[in-house]
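Colleague: Below is the sequence, then the predicted model.
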Amino acid sequence: MNDNFSSSNSSTADFLRIAVQKSGRLQEGSLQLLRDCGLNFSNGKDQLKTQSNNFPVELLFLRDDDIPQYVEDGVADAGIVGENVFIEKQKKNALIRRLNFAKCRLSLAVSRAVEYNGISWLEGKNIATSYPNIVRDFLQKNNIKAGIHEISGSVEIAPGIGLADAICDLVSTGSTLLSNGLKEVAIVLKSEAVLIGRPGLPTEKQQVLDKLLFRMEAVQKARNNKYILLNCPNEAIEPITRIIPGMKSPTILPLAKEGWSSLHSVVDENDFWDKIDQMKALGAQGILVIPIEKMIL
Ligand code: PRT
Ligand code: ZN
């Protein structure tokens, strides 16, 4: 692939076609990730497709439910969907990469009035869902026989109108369940946005995909880490280095103040606050935390 790519001298036939959601919960996160990977393209809100002007990628804007089929058929080479949709659609696509946004869970819920005593409560009951395949698999694995009532929207009202005894639907904060008098009783699947693809891409397109994956890795690592600078007494350097070892080891610079150093490193977002507390207890002061844009190991 030509690094000095420009749209004027390349045929779009070689472009890697990525399907993204036309509008909805996945759209912003999908476009932001691609932009953070350095791809320029027009917003595309009212378009069917758009091409990047600095990377051989064409975006197709589709309903999320249709994306796995379009990828399997080869209309798109790859797509960004919720893992829930990827699994439910059962197409011959591969999960290429988890993307760490649009996190939610597919859960079973019942009326709050129900005395739910475990999964066996579902035996012989009726479950309303937009995810019949996933629910069928789940019931089979748990040896439960229950009816599945497939509905495409507003699943949460089903128990209230007598359509079903339970539902299986996506949950993030849980407030929709709460306001419909339901309680979450079991998690069937944890989901996030994923990049899916068709196996056996032509070499040219595979190279574009590999290059994009390399960039996604750098962007996702950077999102999960922060650059940290702090001052500490020299005797605290060693214990602090054990807490924030960084990519290889921290950078340590002497301060003008005798017996003190400045220490620079990288810290994981997830255990950030715990580590700050530990370092403060060791005498760290003047702690600065800075976002990282890209991170390449
Ligand atoms: O039009 P199109 O078919 O493309 O979009 P859609 O309406 O089918 O999908 P959309 O945009 O609603 O969701 C796309 C994807 O986002 C889903 O397939 C999930 O992978 C992911 N996602 C993440 C969610 C949620 N969080 C979520 N909270 N999808 C749906 N919800 C629903 C939830 O079921 C509830 O009804 O949002 C409502 C609010 O949830 P609570 O728990 O915060 O109240
Ligand atoms: Zn949809």
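Modeller: Received it, and whenever you're ready, just let me know what you need. Ligands and ions are numbered 1, 2, ... in the order given.
Colleague: ok, the residue nearest to the spatial centre of the chain to Q90 distance?
Modeller: Central residue of the chain (C-alpha atoms, centre = their mean): N100, 2.5 Å from the mean position. Distance, N100 to Q90, by C-beta to C-beta, to the nearest Å: 24 Å. Every C-beta, even on glycine, is put in place using the N, C-alpha and C of the backbone.
Colleague: quick revisit: what's the distance between the residue nearest to the centre of the chain and Q278?
Modeller: Distance from N100 to Q278, by C-beta to C-beta: 26 Å.
Colleague: Please apply the same query to N224.
Modeller: 19 Å.
Colleague: repeat for C168
Modeller: Separation of C168 from Q278 (C-beta to C-beta) stands at 42 Å.
Colleague: Likewise for A158?
Modeller: For A158, the distance to Q278 - C-beta to C-beta - is 49 Å.
Colleague: swap in L106?
Modeller: Taking C-beta to C-beta, one finds L106 at 37 Å from Q278.
Colleague: and these two? which has more neighbours close in?
Modeller: Regarding L106 and Q278, a neighbour count based on other C-beta atoms under 10 Å identifies L106 as having more, with 25 against 16.
Colleague: and that one, that one's in a helix?
Modeller: No - secondary structure of L106 (DSSP: H, G, I helix; E, B strand; the rest coil): strand, not part of a helix.
Colleague: Excluding covalently adjacent residues, which one is nearest to it?
Modeller: Residue nearest to L106 in three dimensions, not counting chain neighbours: L189, with 4.2 Å by C-beta to C-beta, 6 or more residues apart in numbering.
Colleague: Figure out the helix or strand that that neighbour lives in.
Modeller: strand 182-191 (DSSP states H and E).
Colleague: Touching, N84 and E192? I think so.
Modeller: No - contact between N84 and E192 fails when scored by C-beta atoms under 8 Å: they sit 9.4 Å apart.
Colleague: Now list whatever residues contact both of those two.
Modeller: C104 (C-beta atoms under 8 Å, 6 or more residues apart in numbering).
Colleague: So between these two, which is more surrounded?
Modeller: Neighbour count, other C-beta under 10 Å: between N84 and E192, N84 has more, with 24 against 16.
Colleague: Can you tell me the SS state at the more buried one?
Modeller: Here N84 is helix, with the state taken from three-state DSSP.
Colleague: Can you tell me the closest non-neighbouring residue to it?
Modeller: N84 sits nearest to S191 (C-beta to C-beta, 6+ apart), 4.3 Å away.
Colleague: Could you check the pLDDT of the one you found?
Modeller: If you check S191, the pLDDT there is 98.
Colleague: Also the one 10 residues further on?
Modeller: According to the per-residue confidence, L201 scores 95 in pLDDT.
Colleague: For this structure, which residue gets nearest to ligand 1?
Modeller: At 2.0 Å from ligand 1, G82 is the closest residue in the chain, using C-beta to the nearest ligand atom.
Colleague: Ligand 2 versus the residue nearest to that residue when sequence neighbours are not counted, what's the distance?
Modeller: Distances taken as C-beta to C-beta, 6+ apart place S191 nearest to G82, at 5.2 Å, with adjacent residues excluded. For S191, the distance to ligand 2 equals 13 Å [C-beta to the ion, to the nearest Å].
Colleague: so what's S191 bridging to?
Modeller: Residues in a beta bridge with S191, per DSSP bridges, are C104.
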